[in-house]
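# requesting a structural model of the entry that follows:
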Amino acid sequence: MTPDRTVELQAAIDSAAYEGFTSLEEAASDELMRLWGDLADAMRDARNGCWSVGCEDVAHRIAVLTRALGKATPWQQVQIELLETGVYQRFHDLSGVPYEPPDMAVVAEMRAEREASLAQ
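Numbers count the residues shown, from 1 in each chain. Just a heads-up that it's a prediction; the model follows:
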């Protein structure tokens, strides 16, 4: 028998009111940004750094939302690792969705700042 999750479900539903989205496009864009984070996590968790079924699933979901929105997530909202490895760029090249290529000098600065803050 599974426990009744009414309290947990209600808390999750209630917390959605604080998101402040006024349109489906805003909500979908936010979810797409979060999916890029999920892809970075899936790649990090994949055995030997290989592409996994989990990576494929998240990439599929990114493709669905990207096509539905008709625009790319700005590179500034995507994890550094996905920019450095070219996954973000290759995804858009393969899907045919126009995107602003990341400024790799800025990405390198972001990496340096992150590593400096972790070293402290």
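
# every contact and neighbour count from this point should use C-alpha atoms.
Noted.

# buried sites along stretch 71-91?
For stretch 71-91, burial by neighbour count (16 or more other C-alpha atoms under 10 Å) applies to 72-73, 75, 78-80, 82-83, 88-89.

# which other residues reach that stretch?
The contact list for stretch 71-91 (C-alpha atoms under 8 Å, 6 or more residues apart in numbering) reads 29, 32-33, 36-37, 40, 66, 92, 97-102, 104, 107, 110-111.

# same thing but 7 Å
The contact list for stretch 71-91, computed with C-alpha atoms under 7 Å, 6 or more residues apart in numbering, reads 33, 36-37, 40, 66, 97-99, 101-102, 107, 111.

# all the strands of this protein, residue numbers only.
For the chain, strands defined by DSSP state E do not occur.

# residue ranges with poor pLDDT in it?
Along the chain, the model assigns pLDDT under 70 to residues 1-2.

# one step back: so of the buried residues of stretch 71-91, which ones are in helices?
If you go by DSSP state H, the buried residues of stretch 71-91 have 80, 82-83, 88-89 in helices.

# for these, which one is nearest residue 54?
The closest of these to residue 54 turns out to be residue 82 (C-alpha to C-alpha; 15.6 Å).

# grab the longest helix from this protein for me.
The chain, longest helix under DSSP H: helix 24-45.

# nearest residue to the middle of the protein?
residue 36 (1.6 Å; C-alpha atoms, centre = their mean).
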